[in-house]
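Enquirer: heads up, no residue letters with this:
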């Protein structure tokens, strides 16, 4: 009887935690994107970042992505030359970390020789 009182609550909690972990692991595996799948896709020409790593993609206000080459063509086709469009730049390559740009400038006072 003492065995059940002491050890069963701990075993029950352990089983619950394992079930939660396995459900979170399954949810994570389903949400993972395959490495072969393209993240950016140009709506106009169909290019992806896998076609050209240097290609810069832009996202319009309506959520459509365009590569930098097609952006001007799409703007002409939709007669948006005069109206400013809200476009957010997204690059397919990671930004390089910038190191320290230089030493901090320090205040220096001219000392006069007396």
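Expert: Received it, and whenever you're ready, just let me know what you need. Bear in mind the structure is a predicted one, so any value in this text is a computation, not a measurement.
Enquirer: Near residue 49, how many other residues are there?
Expert: 20 (other CB atoms under 10 Å). In this view, the C-beta of every residue, glycine as well, is placed from N, C-alpha and C.
Enquirer: Excluding chain neighbours, what is closest to residue 44?
Expert: residue 70 (4.0 Å; CB to CB, 6 or more residues apart in numbering).
Enquirer: The one you found and residue 46 touch, don't they?
Expert: No - Residue 70 lies out of contact with residue 46 (CB atoms under 8 Å); the separation is 9.6 Å.
Enquirer: Determine the three-state secondary structure at the residue nearest to residue 44.
Expert: helix (DSSP: H, G, I helix; E, B strand; the rest coil).
Enquirer: what about it, neighbour count?
Expert: With other CB under 10 Å as criterion, residue 70 counts 19.
Enquirer: what's the least confident helix or strand in this structure, going by average pLDDT?
Expert: strand 87-91 (a mean of 59; mean pLDDT, DSSP states H and E).
Enquirer: In terms of pLDDT, where does the residue nearest to residue 44 sit?
Expert: pLDDT, residue 70: 81.
Enquirer: could you list every residue that touches it?
Expert: 42, 44-45, 47 (CB atoms under 8 Å, 6 or more residues apart in numbering).
Enquirer: in what helix or strand does residue 23 lie?
Expert: Using DSSP states H and E, residue 23 maps to helix 2-31.
Enquirer: in the helix or strand following that helix, what counts as buried?
Expert: Downstream of helix 2-31, the next assigned helix or strand under DSSP H and E is strand 56-60. The neighbour-count check on strand 56-60 (16 or more other CB atoms under 10 Å) flags 56-58, 60 as buried.
Enquirer: Go through those and name the one nearest residue 19.
Expert: Checking the buried residues of strand 56-60 against residue 19 by CB to CB gives residue 57 as the nearest, at 41.2 Å.
Enquirer: list the contacts for residue 73?
Expert: Contacts of residue 73 (CB under 8 Å, 6+ apart): residue 44.
Enquirer: Closest one to residue 2 out of the buried residues of strand 56-60, please.
Expert: Once CB to CB is applied, the member of the buried residues of strand 56-60 that ends up nearest residue 2 is residue 57, at 66.4 Å.
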